[in-house]
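In: coords please:
(chains A and B)
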Amino acid sequence: DAGVTQSPTHLIKTRGQQVTLRCSPKSGHDTVSWYQQALGQGPQFIFQYYEEEERQRGNFPDRFSGHQFPNYSSELNVNALLLGDSALYLCASSLDSGAAGVDTQYFGPGTRLTVL
Amino acid sequence: GQQLNQSPQSMFIQEGEDVSMNCTSSSIFNTWLWYKQDPGEGPVLLIALYKAGELTSNGRLTAQFGITRKDSFLNISASIPSDVGIYFCAGQSMGGNTDKLIFGTGTRLQVFP
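Out: You can find the predicted model right below:
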């Protein structure tokens, strides 16, 4: 049973460039959440995708956008990169249980983005 | 962004000692979770707590969901070298599709032989 996978593992970009990160959820999961983790900090919620739509969004600018595909995999796009976007980007997947309960999130290994 | 208050920030202990860390919030959560993160890796779920007052164990790990729903603690008994890492608490709410995780600031654990 494959867990959450992310690609690439590392990425180096320069200011102003655009980047796309990819995530495949754990088998059987239908919901993907993205988090940004700066060095020495806890992960910060960016947004969550369910049924190919953005369902929740954290306090991140519109430069951060995403997409979910019919096979539940997801992409995170960041435009006009800033130095402060350097971080570990984590993808977490879960199975939506509806209003009846909370959905435990399982994390991938992350993509380390460095902006120069 | 919002982060939960987690303490202590770091711990340096000897192998075999017990460890205790806690997490507090100004908001109520429906679920508390504890994750461990190794360098360069994603967080790995250790324990999930779903009810106020719940006490749950996973091997040498024991965690409790505070009765006020605003705090949680994690205990590790008889620590071993592989316990080294950063431990994060996370709170999760329910309802209105608001199930994002709010993480604590982390507790860095070092275990010396």
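
In: so residue B:72 is in which element?
Out: Assigned by DSSP states H and E, residue B:72 belongs to strand B:71-76.

In: in its sheet, what does the helix or strand that that strand is followed by sit against?
Out: Next helix or strand after strand B:71-76 toward the C-terminus (DSSP H and E): strand B:85-92. Strand B:85-92 pairs in its sheet with strand B:31-37 (antiparallel), strand B:101-103 (antiparallel), strand B:107-112 (antiparallel), by DSSP bridges.

In: and the shortest one, how far out from the chain middle?
Out: So the one you mean is strand B:101-103. The chain centroid and the centroid of strand B:101-103 are separated by 11 Å under C-alpha atoms, centre = their mean, to the nearest Å.

In: again, but for the last one
Out: In terms of C-alpha atoms, centre = their mean, the centre of strand B:107-112 is set 14 Å apart from its chain centre.

In: wait, residue A:46 touches residue A:64, no?
Out: Yes - judged on C-beta atoms under 8 Å, residue A:46 makes contact with residue A:64 at a distance of 5.7 Å. Quick note: C-beta positions are derived from backbone N, CA and C, even for glycine.

In: okay, and the common contacts of those two?
Out: residue A:76 (C-beta atoms under 8 Å, 6 or more residues apart in numbering or on different chains).

In: coming back round to it: how about the strands paired with strand B:85-92 in CSV, adding distance to residue A:68?
Out: Listed next are these as CSV, based on distance: least, C-beta to C-beta, whole Å:
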stretch, distance to residue A:68
strand B:31-37, 23
strand B:101-103, 18
strand B:107-112, 33
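
In: who in chain B is up against chain A?
Out: Taking C-beta under 8 Å from any C-beta of the partner chain, the part of chain B that reaches chain A is made up of B:1, B:3-4, B:6, B:30-31, B:33, B:35, B:40-45, B:48, B:50, B:88, B:90, B:92-95, B:97-106.

In: again, 6 Å this time
Out: Residues of chain B lying close to chain A by C-beta under 6 Å from any C-beta of the partner chain are B:1, B:3, B:30-31, B:41-43, B:48, B:88, B:92, B:94, B:97, B:99-100, B:103-106.

In: which among those residues count as buried?
Out: B:3, B:30-31, B:42-43, B:48, B:88, B:92, B:94, B:99-100, B:103-106 (16 or more other C-beta atoms under 10 Å in any protein chain shown).

In: ok, so of the residues you listed, who is nearest residue A:94?
Out: Nearest to residue A:94, judged by C-beta to C-beta, of those is residue B:99 at 7.7 Å.

In: quick check, pLDDT for that closest one.
Out: You'll see residue B:99 listed with a pLDDT of 73.

In: give me the element it is part of.
Out: Residue B:99 belongs to no helix or strand, assigned by DSSP H and E.
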